[in-house]
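[1] My questions are about this predicted structure, shown below with the sequence.
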Amino acid sequence: MSDARWHEIDSFIQTKLLNPDDVLADVLAANEAAGLPSIDVSPAQGRLLTILVRMMGARRILEIGTLGGYSTICLARGAGAEGHVVTLEYNPQHAAVARRNFARAGLEDRITLHEGAALDLLEGLAPPPASFDFVFIDADKANNRHYLDWARKLTRRGGVIVCDNVVRAGKVLDAQTADPAIIGTRDVYDALSGAQDLTSTVIQTVGSKGWDGFAIALVE
Ligand code: SAH
Ligand code: DHB
Ligand code: MG
């Protein structure tokens, strides 16, 4: 489901509220030139990530699913000069493009990209419990339950976990689905609703990326 006006309004928001941004424009151009899928967060959503991170004063950030690093750059900007983003990416081509984009953004020092399957990387890196202020989950949806388990372990009290793509044009309602990505999306709700230590909500979104949503969970 989508509506031409959703795109128009996203363009309107971008024109009115998001200053011309050569870095992010170059990132999208580089991603397209390299044939990456255009499934980055939208500009308005990227700004939301920056604002959330700044609001909380988050410094230590984990991202699962880098693609070309559009969202990573938004997170790193929010984290400020003292902040650091660890981002995990499975696809070597995506990782290579992302590294170039981080250099273009002048943010290499603030971002560490690890290449590999996120669950293997998390196991291998074994980050200490509560070592992150903010976690953004945006990789293969089938593994969302595992990513949330990790995020709960790794996020400090008062920290925030955000998970992208939790509405999927309404497909999340299909309890009979055989699609592993939708099952994984439904798992997010089960994991959040069963967690005593999380206060959670979902914001539905429409726009240039269609109809979807962000889960946002505060760690108590
Ligand atoms: N966060 C990005 C978009 C990420 S798209 C942005 O908004 O700009 C999802 C990414 O997750 C893709 O690049 C895909 O290659 C990666 N991915 C898929 N499975 C993965 C896995 N098991 N481990 C790590 N990354 C994975
Ligand atoms: C897809 C993945 C995403 O992370 C996203 O934001 C939009 C679409 C996808 O795999 O189709
Ligand atoms: Mg996404």
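    Yep, it's here. Residues are numbered from 1 along each chain as shown. Ligands and ions are numbered 1, 2, ... in the order given.
[2] Going by proximity to ligand 3, name the top residue of this protein.
    Residue nearest to ligand 3 within the chain (CB to the ion): residue 164, separated by 3.5 Å. Yep, even glycine has a C-beta here, placed from its N, CA and C like the rest.
[3] What is the burial count for that residue?
    23 (other CB atoms under 10 Å).
[4] Around ligand 1, which positions in the protein sit nearby?
    Within the chain, the positions near ligand 1 by CB under 6 Å from any ligand atom are 39-41, 65-67, 70-71, 88-91, 94, 117-118, 138-140.
[5] that older thread, leaving out chain neighbours, which residue sits closest to the residue of the chain closest to ligand 3?
    residue 138 (4.1 Å; CB to CB, 6 or more residues apart in numbering).
[6] filter the residues of the chain next to ligand 1 by proximity to ligand 2?
    Among these, ligand 2 is touched by 39, 138 when using CB under 6 Å from any ligand atom.
[7] Could you tell me which of the residues of the chain next to ligand 1 count as buried?
    40-41, 65-67, 70-71, 88-90, 94, 118, 138-140 (16 or more other CB atoms under 10 Å).
[8] For residue 164, give the beta-bridge partners.
    residue 214 (DSSP bridges).
[9] Residue 214 is in contact with that one, correct?
    Yes. Judged on CB atoms under 8 Å, residue 164 makes contact with residue 214 at a distance of 6.1 Å.
[10] Need the three-state assignment for the residue of the chain most remote from its centre.
    In terms of distance from the mean C-alpha position of the chain, residue 176 ranks first, at 26.8 Å (CA atoms, centre = their mean). Put simply, residue 176 is coil when judged by DSSP: H, G, I helix; E, B strand; the rest coil.
[11] Could you measure from it over to residue 142?
    Using CB to CB, to the nearest Å, residue 176 is found at 17 Å from residue 142.
[12] Next, the buried residues of stretch 171-178.
    Buried, per 16+ other CB under 10 Å, within stretch 171-178: residue 172.
[13] re earlier: among the residues of the chain next to ligand 1, which ones are in helices?
    70-71, 94, 118 (DSSP state H).
[14] returning to what we had before: what sits against the residue of the chain closest to ligand 3?
    Residues near residue 164 by CB atoms under 8 Å, 6 or more residues apart in numbering: 41, 136-138, 212, 214.
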